[in-house]
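test case, fold it:
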Amino acid sequence: MKALNDILLGEIEGFRALGYKFLNGEVSKMDFKGASGGMGVYAERSGKEFMIRFRMPAGIASIKDLKLIYDFAKRFKVESIHITTRQAMQLHGITIDEVCDVMEEGINKGLYVRGSGGNYPRNVSTSPLSGVESAEVFDISPYAVAVGQHFLSKIYTYKLPRKFKVAFSSNEKDESHVTATDLGFMAVKENGVEYFKVYLGGGMGKNSRLSAESEQLIKPEDILYHVEAITELFINEGDYVNKGKARIRYIKERMGEERFLNCYNSYLEKVKAKENLKIKVENKVYDKVGIKTSIKSWRLFSQKQNGLYSVYVHPMGGQLKSEHLKLIIDEIETMDDVEIRLAMTEGLYIRNLNGKEAEILLRLTEGMGGNTALECSVACIGVPTCQMGILESQRTLKEILSYFKENNLTKDILPSVHISGCTNSCSVHEIGLIGFCGKKKRVQDELTNVFELHFGGDLGIGKTKLSKNYGDIKQEEVPKFLFELASAVDNANKDFTSWSEQNVDEFNKIINKYIV
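Predicted coordinates for the structure are as follows:
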């Protein structure tokens, strides 16, 4: 790693100089964004402050890394740390010098940001309970880590048309979105032998697409051949001219699925003939002594290891207060072999707790996040922070929750909603049951903030589907609309899914009341 670290450290002063040119108006926003994204940094909407994103491969957040991130937040007076929908963490509102200090100290301590944005392989995502979940096929974590290390080892060399995302799922719930991403590996077993099924050419954003399923089952040791094959296909077949058409899903669309898969297989054969990329991994042995608990909570998950548990924490909008992170760190440091995994829902799991420890963590985190599905909604960072954002997704989520509280509807009725401030789909609104996508629209000759209402998205092997766009709702009407929807479900004394399926006319009547 020393050679890699030396290269990455050598980039910092040049980037600092570029940052000052941007601040002085010598470099445009788009030119700076083109260079800064690959460094894991984006200028915020103010044009004066910056965001930095940490790579957390497989969503694994070690205590060492969390302590360092907390230290940065405290040092630079950052009140909240944002947990992303790709199992990474971000600091917002810091200066260009603070950004460069974070880069340097992070590299020296094994915490990296390089390539976490821009036209690079992004954070490798996984099922957040992999390794401890009863329903998993096998633990895919070490394979995801191996791919993350492979990317990092040559992160400064990539010249891709756009970003590239890899995901691993340990069971059919597909919590890491392998069925809707560039390259996905789904754990399967056949005759007791572990394999991966490969998914290709999906992705969220403008013109979202689901992945194509490859028929072959592959040996886990061969995953890097597939990573390199799709990377080379992307480099050679991707669109370097039209950025709007520069994702892998557009190659699949241009070629057609059959030709795309054949093209992929031809690259795969070339990679296999060229180099040896077989890997060996070691699975973690979970041998902590368990203690059972009688506590019941929707945030408490029994692990497949007897008497061990995981506790879920969902800070609103993924905004984990720095002081809350410190409380969690201080508590788990006194416990044996406790892990933290970030989820793709902007939350985190505290894993490998015995029953007594789980009770302590449930009490400690009680006020740190949501206690209903609606309170565990997903919202991108949005305006006024994001340069690309159109609407204020975080503020809209706060207004929704406040409206429900003010009107005394605190029951767990609606599912989580997914709120994206623009078409980039950072909240993956198109695979949520209820999703919103921000835009501006002329309503009665006045430019108005509206959210597209998306409904009916789903995720899981054999059932992943994109939602239907029902039309546009004024931003200020979204809380009222959701409240009316929840009230109708509550009055019918049914769960939301059953009600929406059995009361289509009433459902559409409520929607049409708000569509503009």
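
in the stretch 51-200 of the chain, which spans are strands?
For the stretch 51-200 of the chain, the strands defined by DSSP state E, counting those that start in this stretch cover 80-83, 89-94, 125-126, 166-169, 183-190, 193-200.

need the winner for burial among those.
Among the strands of the stretch 51-200 of the chain, strand 125-126 has the highest mean neighbour count (mean count of other CB atoms under 10 Å), at a mean of 32. (Each C-beta comes from the backbone N, C-alpha and C, glycine too.)

tell me which strands that strand pairs with, and in which orientation.
Using DSSP bridges, the strands paired with strand 125-126 are strand 166-169 (parallel).

then the strand it pairs with to PDB, C-alphas only?
C-alpha atoms of strand 166-169 as PDB (Å, rounded to 0.1, in the frame of the first residue of the first chain):
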ATOM      1  CA  VAL A 166     -20.800  -3.100  -8.200                       C
ATOM      2  CA  ALA A 167     -23.100  -4.800  -5.700                       C
ATOM      3  CA  PHE A 168     -23.200  -8.100  -3.800                       C
ATOM      4  CA  SER A 169     -26.400  -9.600  -2.300                       C
END
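
any idea how far residue 186 is from residue 37?
Distance, residue 186 to residue 37, by CB to CB, to the nearest Å: 29 Å.

repeat that for residue 200.
According to CB to CB, residue 200 and residue 37 sit 24 Å apart.

next: residue 462.
Counting by CB to CB - residue 462 and residue 37 are separated by 35 Å.

what are the buried residues along stretch 161-176?
For stretch 161-176, a neighbour-count test (16 or more other CB atoms under 10 Å) marks 161-171, 174-176 as buried.

pick out the most distant pair among those.
Pairwise distances across the buried residues of stretch 161-176 (CB to CB) peak at 32.2 Å, for the pair 161 and 171.

can you show me the helices along the protein?
2-23, 29-36, 63-75, 96-108, 141-153, 223-237, 248-255, 257-274, 322-332, 355-364, 393-406, 478-492, 496-502, 504-514 (DSSP state H).

contacts for the shortest one next, please.
Put plainly, it is helix 496-502. For helix 496-502, contacts defined as CB atoms under 8 Å, 6 or more residues apart in numbering pick out 413, 414, 415, 433, 455, 488, 489, 492, 494, 507.

for the third one, which non-adjacent residue is spatially closest?
Going back to what we said before, that points to residue 415. Counting by CB to CB, 6 or more residues apart in numbering, residue 433 is the residue found nearest to residue 415 once chain neighbours are left out, at 4.7 Å.

how about the one you found, what does it touch?
Per CB under 8 Å, 6+ apart, neighbours of residue 433: 415, 416, 455, 456, 457, 458, 467, 496, 497.

and the pLDDT for the nearest residue to residue 495 once chain neighbours are set aside?
Counting by CB to CB, 6+ apart, residue 495 lies nearest to residue 489, which is 7.6 Å off, once chain neighbours are set aside. The pLDDT attached to residue 489 in the predicted structure is 98.

and what of residue 67?
For residue 67, pLDDT reads 98.

just give the number of residues close to it.
Neighbourhood size, residue 67 [other CB atoms under 10 Å]: 16.

all further residue positions should be reported with the first residue as 32.
Right, with 32 as the first residue, what we last looked at is residue 98.

so what's it closest to, chain neighbours aside?
Nearest one to residue 98, counting by CB to CB, 6+ apart, is residue 360 at 6.0 Å.

ok, now residue 392?
residue 342 (4.6 Å).

follow-up on the earlier one: what's the per-residue pLDDT of the residue nearest to residue 446 here?
97.

measure it to residue 318 for me?
39 Å.

which residues in the stretch 332-481 of the chain form strands?
339-344, 350-352, 370-373, 379-385, 409-410, 448-451, 465-474, 477-486.

run me through the strand neighbours of the second one, direction for each.
Going back to what we said before, that points to strand 350-352. Strand 350-352 has these partner strands in its sheet, going by DSSP bridges: strand 111-114 (antiparallel).

most tightly surrounded among the strands of the stretch 332-481 of the chain?
Mean neighbour counts for the strands of the stretch 332-481 of the chain (mean count of other CB under 10 Å) peak at strand 448-451, with a mean of 29.

centre of the chain versus it, how much separation?
13 Å (CA atoms, centre = their mean, to the nearest Å).

so what touches that strand?
By CB under 8 Å, 6+ apart, strand 448-451 touches 405, 408-411, 413, 424, 427-428, 431, 457-460, 462-463, 465-469, 482, 485, 513.

at 6 Å what do you get?
For strand 448-451, contacts defined as CB atoms under 6 Å, 6 or more residues apart in numbering pick out 408-411, 424, 427-428, 457-460, 463, 465-468.

same question, stretch 304-323
170, 173, 177, 252, 255-256, 336-339, 368, 383, 385-387.

just the buried residues from those residues, in ChimeraX please.
Command for ChimeraX, covering only those of those found buried under the criterion 16+ other CB under 10 Å:
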select :170,173,177,255,256,336,338,339,383,385,386
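
give the contact list for residue 119.
84, 85, 87, 154.

please redo it, this time with the cut-off set to 7 Å
Contacts for residue 119 (CB atoms under 7 Å, 6 or more residues apart in numbering) come out as 84, 85, 86, 87, 147, 154.

what's the answer for residue 182, then?
So residue 182 contacts 146, 152 (CB under 7 Å, 6+ apart).

for it, give its distance to residue 188.
Relative to residue 188, and taking CB to CB, residue 182 is found at 10 Å.

what touches both of the two?
By CB under 7 Å, 6+ apart, residue 182 and residue 188 have no common neighbours.

these two touch, right, the residue nearest to residue 392 and residue 393?
Yes. Between residue 342 and residue 393 there is a contact at 5.7 Å, judged by CB atoms under 7 Å.

quick one on the thing from earlier: who does the residue nearest to residue 392 bridge with?
If you apply DSSP bridges, the partners that residue 342 bridges to are residue 331, residue 381.
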